[in-house]
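Engineer: next one to model:
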Amino acid sequence: MSELVGTAFEFLCKTHVCKPYLVVMVDGGICSQMNQYLLGQIYAQRGEDVLYDLNWYEKVGTDVDGHFARTFELEEMFPDIHVQTLGKLKRWFYRTFLMYVSADRNQPDQSSSVSPAYFGGYYDIDDDVFSEHFDRLFNDVKRSEVPDVLKLSSSNQFSCAVHVRRGDLARGDNPWYGGVADDYFFRAIEYVERLYPHTRFFFFSDEMAYVKTNIVPNLSVDYVLIPETNKAFEDLLLISKCDIIVASQGSFGKFAAMLNRNSMLVLCDNGYAKPWLTRKKNTVVL
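Structural biologist: Below you'll find the predicted structure:
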């Protein structure tokens, strides 16, 4: 029945009785928001009428473990961006009869019109397409200003952000990324210090207590612990201002590096680094 209704609606759209939309579900933290907005805008540039479903932030609004809040911050981070949403009835119809979820994460066909459709889930975007549209959408628009707390002393020449992502991505059974071992951060910091002596390291984390206990006591470098904020995008923008970015698992450090074309990105060689060698110049995998 559901498939029959969807097929009938597609016919009505093709005969111009109804207007077709491409609806993209948005969920998760600021980087997921950027990625899903980017996906929709790729199709919008190809002539699709794109709407975004933000209902997840009302119904769920936390990480997988339910410990950390997730709020929609994209328009706050980028004041020039306007996310066009859809009403309850249209959301119900598209989710019920036109849901598309790719089992292999491949991006749906771009060669022809895909609407009407509802994109749920996450999709891998071609590296060249990702880089091109990322710059167009996020590096060529106005960004919010955040207080610059990344102070360098007269003896420091370089700044390095170290993002220690914990929370739901630090679990050993996490199905998406898995954890990054502490040894990676030690190797990365040693590499940066050897390459650029007199670097000041700025630590960002959603569990700074873990960093204080397990990371910094083992270091002999100049470092600063950045206090946790309520706004994830503020940390993202601060990280993007650093010369070097040591990224954890997930997208946070990687997206911050994409916001700074001149930064160096350091990644853990854990199977998820390969696309970023193409997406971001000056990327090092350890």
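
Engineer: how close does the residue lying closest to Ile226 once chain neighbours are set aside get to Tyr57?
Structural biologist: Nearest non-adjacent residue to Ile226, counting by CB to CB, 6 or more residues apart in numbering: Phe204, 5.2 Å away. (C-beta placed from N, C-alpha, C; glycine too.) Distance, Phe204 to Tyr57, using CB to CB, to the nearest Å: 23 Å.

Engineer: ok, Val5 next?
Structural biologist: Note on Val5: its distance to Tyr57, by CB to CB, is 28 Å.

Engineer: what about the helices in this protein?
Structural biologist: Assigned by DSSP state H, the chain shows helices spanning 2-14, 30-44, 56-59, 74-77, 88-97, 127-134, 182-195, 208-214, 232-240, 252-258, 274-279.

Engineer: nearest to Cys160, of those helices?
Structural biologist: Cys160 sits nearest to helix 182-195 of all the helices of the chain, at 5.3 Å, using CB to CB.

Engineer: just for the stretch 151-286 of the chain, where's the confidence low?
Structural biologist: Residue ranges of the stretch 151-286 of the chain with pLDDT under 70: 167-179.

Engineer: my bad, should have said the stretch 1-150 of the chain
Structural biologist: Across the stretch 1-150 of the chain (using pLDDT under 70), the flagged ranges come out as 1-2, 11, 61-69, 101-113.

Engineer: center of the protein - which residue?
Structural biologist: Nearest residue to the geometric centre of the chain (CA atoms, centre = their mean): Cys31, 2.0 Å.

Engineer: wouldn't that one be in contact with Ser251 here?
Structural biologist: Yes: using CB atoms under 8 Å as the test, Cys31 is close enough to Ser251 to be in contact (3.8 Å).

Engineer: what's the domain layout of the chain?
Structural biologist: 2-139, 158-285 (automatic domain parsing).

Engineer: can you list these in TSV and add distance to Asp148?
Structural biologist: Shown next, in TSV, are the domains of the chain (distance: least, CB to CB, whole Å):
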stretch	distance to Asp148
domain 2-139	16
domain 158-285	7
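
Engineer: so which of these comes closest to Glu145?
Structural biologist: Ranking these by proximity to Glu145 (CB to CB) places domain 158-285 first, at 8.3 Å.

Engineer: compare neighbour counts for Val5 and Tyr57 and give me the winner.
Structural biologist: Tyr57 (18 against 13; other CB atoms under 10 Å).

Engineer: mind listing what that one touches?
Structural biologist: Residues near Tyr57 by CB atoms under 8 Å, 6 or more residues apart in numbering: 26-27, 70-72.

Engineer: not counting its neighbours along the chain, what's nearest Asp128?
Structural biologist: Residue nearest to Asp128 in three dimensions, not counting chain neighbours: Thr278, with 7.4 Å by CB to CB, 6+ apart.
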